[in-house]
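> Show me the folded form of this:
(chains A, B, C and D)
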2 protein chains.
Amino acid sequence: MNSKYSPERLEKAARCLRTLAHPLRLQIINLLSQRERAVQELEKELGVSQSSISQHLNLLKDKEIVASRRAAQQVFYRLNDPRFLELISLTRELFCKE
Amino acid sequence: MNSKYSPERLEKAARCLRTLAHPLRLQIINLLSQRERAVQELEKELGVSQSSISQHLNLLKDKEIVASRRAAQQVFYRLNDPRFLELISLTRELFCKE
DNA sequence: TGTGTTTATTATAATATTCATATATTATGA
DNA sequence: TCATAATATATGAATATTATAATAAACACA
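Alright, predicted model coming up:
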């Protein structure tokens, strides 16, 4: 009855945590928690190349952390679940006490 | 006022999340959430080599996720903060819904 | 169709992580 | 001190992740 923490599930949880565990991706999530943004907005706000932003967004999308919609040439990304911010907030609380 | 999510802090949060993001380390945390354990207990329960367990414990200790005490030849490890389990639980909730 | 704008994909070099093996350290008790 | 038990550390090969540069694809509009 500890299947909640079966090796398979922990394996999956680990893969998903790894996806969160990147400073740029955390910044993206933080920005998207305010409102949806186009790729080029993120590019400007974060000062990172288009290719890099796009690749990171792809990883986040693959784990269903973000979702996207296209509007003409732009693609807007948004956070899929506001609780991802909670997760980051709890992480900060636990690790960044000084 | 968004210093809570300054790049520096997110950088640190990312490093700490990376430390959590390993299936074996999640299993260790899960076991330690019940009660403290000696290295050899973890070794037996998880079926992993002594060296491997010790290396993973060292990473967890470095990030202050676990703490340890020595009793004769044995070293007992414990979870430093029960909220680490909350973090994992929330992760599971967010990512392992099916 | 042709051009400009935005986003996605691919390839690859640099870096980081993981795992296994061998060795070292720490403590106990004869 | 010596032998044994428990744990820690060092090293290197295998693997995974990341960043950069180059190219491709999707869309709008003249």
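> Residue numbers of chain A in contact with DNA strand D?
Residues of chain A lying close to DNA strand D by CB under 7 Å from any atom of the strand are A:18, A:21-22, A:24, A:48-49, A:51-52, A:55-56, A:59, A:70, A:72-73. Any C-beta I mention is one placed from the backbone N, CA and C, and that applies to glycine too.
> quick one, strands of chain A?
Listed in chain order, the strands of chain A (DSSP state E) span A:37-38, A:66-71, A:74-79.
> what's the angle from the second one to strand A:74-79?
Right, strand A:66-71. Put simply, strand A:66-71 runs at 150 degrees to strand A:74-79, going by axes from the mean of the first three to the mean of the last three CA atoms, to 10 degrees.
> right, quick check: strand A:66-71 against chain B, any contact?
No: Strand A:66-71 does not reach chain B (CB under 8 Å from any CB of the partner chain); its nearest approach is 12.7 Å.
> Establish whether that strand and DNA strand C are in contact.
Yes: using CB under 7 Å from any atom of the strand, we find that strand A:66-71 touches DNA strand C at A:S68.
> returning to that earlier point: make TSV from the strands of chain A and add mean neighbour count and mean pLDDT to it.
TSV is the format used below for the strands of chain A (neighbours: other CB atoms under 10 Å in any protein chain shown; pLDDT from 0 to 100):
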stretch	mean neighbour count	mean pLDDT
strand A:37-38	18	98
strand A:66-71	14	97
strand A:74-79	17	98
